[in-house]
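# 3D, please:
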Amino acid sequence: MRIGLTGGGSSVDRIVEQAQRAEAEGFSALWYASSVAGDPLVAMAIAGRATTSIELGTAVLQTYPCHPLLQANRVAAAANAMGRPGLTLGLGPSHEPVVRGVLGLSYAHPGRNTREYLRIISGLLGGADVDVDGVDWSVHSSGRMVALDHPVPLLLSALSPRMLRIAAQFADGVVLWMASATAIATSIGPVLRDAAAAHGTPSLRVVAGLPIAVHDDTAEARNAVAAMSSAYAGMTNYQRIIEVGGGNSAADVAIVGGETAVLEQLRDLITAGATDVWAQPIAVGTDRAQRAASLQRTRGFLGELARER
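The predicted model follows:
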């Protein structure tokens, strides 16, 4: 079972240490949000040079604030600086409260915007000169793209049918957050498979990210998830996929329980169509010692499963 973790750290040194530890423990990947270290790419490049095989991916970099040619060159610079294969680019249009409320940009046509963006950046990462005159994005690259030393896989944060079809046409797969096994099996998987077949695309990766807590008191574990995920209630895309997955909040779709129950839920994810698990271990407990022990139990069990692959 390919199991990765959420990546991050309070400094570049901590990010490097986390990557080295995760690789030693057998985890397949670390997934970094766009806010890590202000921008995760530099820290990922340094961590990549300090490791040998672990995948380091973004989950995700936002499309709206960065032109696709600039984005592709930023990623190429980081990937080449790593000095080895292993950097994966996860992209997404983010959410209206961020794009409109924080950045002051229009979020009027996220589907069209993302399709044009993926069309451009997939060509650039594939080594092509790209000439596109779109409504939202245009480029005439003409040799302005840095050559990649190693391929950089492209994943899209796709939860809606339209985004899934865009991923099947232009990307190597999808990176999901808050999509349960039910959501993948009934909503995401069928659309993605049909779209991939329509475009003659080979098998696509499905990286499924969820909060996970190995804990005997499931109610306490779900309360801990709820405490760290209140912001998702204001994000329509996440709320929609949570409801498709049979829940009302992030706590409802989190993977919680003892070791046997968690293993069963992870297997359900794979059966539903996930190729990779992206785990966000959740600390459960009323004091620091309890929370530390909870994290160690969750991480230790996930590491055992990761080493079995």
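# so what's residue 6 bridging to?
residue 31 (DSSP bridges).
# any idea how far residue 228 is from it?
Separation of residue 6 from residue 228 (Cβ to Cβ, to the nearest Å): 11 Å. Backbone N, C-alpha and C define where each C-beta goes, glycine included.
# Among these two, which residue is more densely surrounded?
residue 6 (18 against 15; other Cβ atoms under 10 Å).
# What residues does the more buried one make contact with?
By Cβ atoms under 8 Å, 6 or more residues apart in numbering, the residues touching residue 6 are 30-33, 209, 278-281.
# which stretch of helix or strand covers residue 277?
Using DSSP states H and E, residue 277 sits within strand 276-281.
# so for that strand, what's the average pLDDT?
For strand 276-281, mean pLDDT is 98.
# Can I get the very next helix or strand once past that strand as CSV, trimmed to CA atoms?
Next in sequence after strand 276-281, counting helices and strands by DSSP H and E, comes helix 288-307. Extracted C-alpha coordinates of helix 288-307, given in CSV (Å, rounded to 0.1, in the frame of the first residue of the first chain):
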residue,chain,number,x,y,z
ARG,A,288,0.3,17.2,25.2
ALA,A,289,1.5,13.7,26.3
GLN,A,290,-1.7,12.0,25.1
ARG,A,291,-1.6,13.8,21.8
ALA,A,292,2.0,12.9,21.2
ALA,A,293,1.3,9.3,22.0
SER,A,294,-1.7,9.3,19.7
LEU,A,295,0.3,10.7,16.8
GLN,A,296,3.0,8.1,17.4
ARG,A,297,0.5,5.3,17.4
THR,A,298,-1.1,6.5,14.1
ARG,A,299,2.2,7.2,12.4
GLY,A,300,3.7,3.9,13.6
PHE,A,301,0.8,1.8,12.3
LEU,A,302,0.8,3.6,8.9
GLY,A,303,4.5,3.1,8.6
GLU,A,304,4.1,-0.6,9.2
LEU,A,305,1.6,-0.7,6.4
ALA,A,306,3.8,1.4,4.1
ARG,A,307,6.8,-0.9,4.6
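# give the contact list for the spatially most central residue of the chain.
Nearest residue to the geometric centre of the chain (Cα atoms, centre = their mean): residue 59, 3.4 Å. Taking Cβ under 8 Å, 6+ apart, we find residue 59 in contact with 31-33, 90, 155, 157, 175, 177, 207, 209, 278.
# is it possible to export those to a markdown table including secondary structure, distance to residue 64 and neighbour count?
Compiled in a markdown table, the contacts of residue 59 are given as follows (DSSP: H, G, I helix; E, B strand; the rest coil; distance: Cβ to Cβ, whole Å; neighbours: other Cβ atoms under 10 Å):
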| residue | secondary structure | distance to residue 64 | neighbour count |
| --- | --- | --- | --- |
| 31 | strand | 20 | 28 |
| 32 | strand | 18 | 25 |
| 33 | coil | 16 | 16 |
| 90 | strand | 15 | 24 |
| 155 | strand | 17 | 27 |
| 157 | coil | 13 | 25 |
| 175 | strand | 17 | 28 |
| 177 | strand | 18 | 24 |
| 207 | strand | 22 | 25 |
| 209 | strand | 21 | 22 |
| 278 | strand | 23 | 26 |
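# Which of the residues you listed sits closest to residue 20?
residue 32 (15.2 Å; Cβ to Cβ).
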